[in-house]
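Trainee: Curious how this folds, go ahead:
(chains A and B)
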Number of protein chains: 2
Amino acid sequence: MPRIGVFDSGIGGLTVLRALRTQLPNSDYLYLGDTARLPYGTKSPATVARYAVQAAQALVREGIDMLVVACNTASAQGLEALRTAYPQLPVMGVIQPGAEAALQATCTNRIAVIATEGTVKSGAYGAALRRLRPNVEVRELPTTLLVALAEEGWLNGLEAEAVLRRYFTTLFDAPSPDTLVLGCTHFPLLREAMAATVPPDVNIIDSAEATAQAVARFAESDAGTGSLRLMATDGTERFARLAQRFLGTTLSPQDIELVDL
Amino acid sequence: MPRIGVFDSGIGGLTVLRALRTQLPNSDYLYLGDTARLPYGTKSPATVARYAVQAAQALVREGIDMLVVACNTASAQGLEALRTAYPQLPVMGVIQPGAEAALQATCTNRIAVIATEGTVKSGAYGAALRRLRPNVEVRELPTTLLVALAEEGWLNGLEAEAVLRRYFTTLFDAPSPDTLVLGCTHFPLLREAMAATVPPDVNIIDSAEATAQAVARFAESDAGTGSLRLMATDGTERFARLAQRFLGTTLSPQDIELVDL
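Mentor: Below you'll find the model as predicted:
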């Protein structure tokens, strides 16, 4: 696969980029975080779709052969608009791969999904799961505070666990789901605290990992120079600082190109 | 005062509007929440200034005689641009009144300020406090999670207190400040939980209240019909739902006009 464009509303999609680079280390990547307009999670579907097409335009202009929509909200609300605007470009969202992985993991056929308010409201995970298996039971819960926890870097400890416990009390009421889908790119950072607070024997499905595996199957080859270009629409300093935690690589603000959409 | 325009990046400024309507119940109000582009707290100063001027344009077009910038980030980063763009229009931010009230309250001359990352980074509260009293000691801490707690409606209980305690441990290290400025419009909602977790004898200064008092002194009269128009740039349904908590009035999405900046 020559060049893979990855688009997110901000820095969260770097968890998807990280998973992609683990699966396809030699491919070339172009990442765009629309940091000037984040978060998408609280915006209307029409606005999110419009922003997604603008971001795709910028990536296509730089030359990409495939587009990964790393943002759950944009995957939920922008995929159709993107496929209409770029019918020749392979476009992959994070929701379908996450849904497929969850269905493979569940034994009880009861799946819980945590995500931003926008993703939950779109009902996209529920729709994707039911399309694949009509009788699946799905519970979706918006967990907005987890985004703030991940960005604050409070990934473990009292505060993260108190917040997670409150969300999980609602989510894992009997009859309890046996599979939890992390439907927001920020959430893999809290995975350890989740493992400590989720009921025992619940499978945790990371959509970022599932998406990277799906892209690797689609790409078939991993030829390239392993290059990485990072672009953002605002705040390169904050981007670089937070990116270290999300991408696992040390960055300076000079490593991020500022672009206008 | 004929018509007062109130501008915020979203719904938080409704706490300022609420305080204004307590001080000046007969004045007419026009509120604009730039919900399509919130939050401002993580955006660059140049972007925030540009957004503030665009919002002011929309309010001036509808006819206002005074502009209250209810957003701390926009007050910190957009006031100069607004005064340059509209030299005839009285423009009042929330930072100067908050700083004045804090200086009146402190006995030890040590003041703590909590705010968004953007407000803290601008150093605007520290600058305003030191301009009024050069030898004041100021500690500023970004407390991003409190915005999410307020929007989630987790205003009391274990989670709010665990998060507040972690922030306050850093903030009230000896020699402890005796005055805490709420430098974000969302924070008054957490006032009860703050009172339970802040060290004893710390004065809590609400910038929204201080600003409303300053506007009332400036306005001198409260003549009008007591009308209220609410406008937002996106998500009128979410606006109406959250507005109830912030404004203390029941609203339906039809009460909010959708505008494009």
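Trainee: Quick check: residues of the stretch 101-250 of chain A near chain B?
Mentor: Contact residues (C-beta under 8 Å from any C-beta of the partner chain) of the stretch 101-250 of chain A with chain B: A:117, A:144-145, A:147-149, A:151-152, A:154, A:158-159, A:162-163, A:166, A:234-235, A:238. (Glycine included, C-beta is placed from N, CA and C.)
Trainee: Look up how far chain B lies from residue A:66.
Mentor: According to C-beta to the nearest C-beta, to the nearest Å, residue A:66 and chain B sit 29 Å apart.
Trainee: which residues are in contact with stretch A:15-27?
Mentor: Outside stretch A:15-27, the residues that touch it by C-beta atoms under 8 Å, 6 or more residues apart in numbering or on different chains are A:1-4, A:6, A:8, A:29, A:31, A:68, A:70, A:94, A:185-186, A:188-189, A:206-209, A:211-213, A:215-216, A:219, A:222-226, A:228, A:246-248.
Trainee: and these, which of them are in strands?
Mentor: Among the contacts of stretch A:15-27, the members found in strands (DSSP state E) are A:3-4, A:6, A:8, A:29, A:31, A:68, A:206, A:228.
Trainee: Identify all contacting residues around the helix or strand of chain A with the lowest mean pLDDT.
Mentor: Scoring the helices and strands of chain A by mean pLDDT, DSSP states H and E places helix A:117-122 at the bottom, with a mean of 85. Here helix A:117-122 makes contact (C-beta under 8 Å, 6+ apart) with A:40-43, A:45, A:48, A:72-73, A:76-77, A:113, A:125, A:140-142, A:144, A:183-184, B:238.
Trainee: go with 10 Å
Mentor: A:9, A:39-45, A:47-48, A:71-77, A:94-95, A:113-116, A:124-126, A:140-144, A:183-184, B:151-152, B:235, B:237-238 (C-beta atoms under 10 Å, 6 or more residues apart in numbering or on different chains).
Trainee: quick revisit: in PyMOL, select just the buried ones from the contacts of stretch A:15-27.
Mentor: Selection of the buried residues among the contacts of stretch A:15-27 in PyMOL, burial being defined by 16 or more other C-beta atoms under 10 Å in any protein chain shown:
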select buried, chain A and resi 1+3+4+6+8+29+31+68+70+94+185+186+188+189+206+207+208+209+211+212+213+215+216+219+224+228+246+247
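Trainee: Wasn't residue A:138 part of a strand?
Mentor: Yes: under DSSP: H, G, I helix; E, B strand; the rest coil, residue A:138 sits within a strand.
Trainee: That one pairs with what?
Mentor: Taking DSSP bridges as the rule, residue A:138 bridges to residue A:111.
Trainee: Correct me if wrong: it contacts residue A:130.
Mentor: Yes: taking contacts as C-beta atoms under 10 Å, residue A:138 lies within contact range of residue A:130: 7.1 Å.
Trainee: Neighbour count for these two, which is higher?
Mentor: Comparing residue A:138 with residue A:130 by other C-beta atoms under 10 Å in any protein chain shown, the one with more neighbours is residue A:138, at 21 against 15.
Trainee: which residues of chain A fall in helices?
Mentor: Residue ranges of the helices in chain A, as given by DSSP state H, are A:14-23, A:45-62, A:72-85, A:95-105, A:117-122, A:124-132, A:144-152, A:158-171, A:191-197, A:207-219, A:236-247.
Trainee: Nearest residue to the residue in the stretch 51-200 of chain A that chain B sits nearest to in space, please, no chain neighbours.
Mentor: In the stretch 51-200 of chain A, the residue that lies nearest chain B is residue A:148 (3.9 Å; C-beta to the nearest C-beta). What sits nearest to residue A:148 in space, not counting adjacent residues and going by C-beta to C-beta, 6 or more residues apart in numbering or on different chains, is residue B:148, at 3.9 Å.
Trainee: likewise residue A:233?
Mentor: Once flanking residues are discounted, residue A:233 sits nearest to residue A:36: 3.8 Å by C-beta to C-beta, 6+ apart.
Trainee: pLDDT wise, what is the one you found at?
Mentor: Here, the pLDDT recorded for residue A:36 equals 86.
Trainee: again with residue A:1
Mentor: 52.
Trainee: what does residue A:166 give?
Mentor: Model confidence at residue A:166, given as pLDDT, is 96.
Trainee: Just the buried ones from the residues of the stretch 101-250 of chain A next to chain B, in PyMOL syntax?
Mentor: Selecting only the buried members of these in PyMOL, with burial defined as 16+ other C-beta under 10 Å, works like this:
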select buried, chain A and resi 117+144+145+147+148+149+151+152+154+159+162+163+166+234+235+238
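Trainee: Pull stretch A:191-202 out as PDB, backbone CA atoms only.
Mentor: This file holds the C-alpha atoms of stretch A:191-202, laid out as PDB (Å, rounded to 0.1, in the frame of the first residue of the first chain):
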ATOM      1  CA  ARG A 191      -7.400   0.500  29.200                       C
ATOM      2  CA  GLU A 192      -5.500  -0.500  32.300                       C
ATOM      3  CA  ALA A 193      -7.900   1.400  34.600                       C
ATOM      4  CA  MET A 194     -10.800  -0.100  32.700                       C
ATOM      5  CA  ALA A 195      -9.400  -3.600  33.200                       C
ATOM      6  CA  ALA A 196      -9.400  -2.900  36.900                       C
ATOM      7  CA  THR A 197     -13.000  -1.600  37.100                       C
ATOM      8  CA  VAL A 198     -14.900  -3.600  34.400                       C
ATOM      9  CA  PRO A 199     -16.700  -6.800  35.700                       C
ATOM     10  CA  PRO A 200     -14.600  -9.900  35.400                       C
ATOM     11  CA  ASP A 201     -14.600 -11.800  32.100                       C
ATOM     12  CA  VAL A 202     -15.600  -8.800  30.000                       C
END
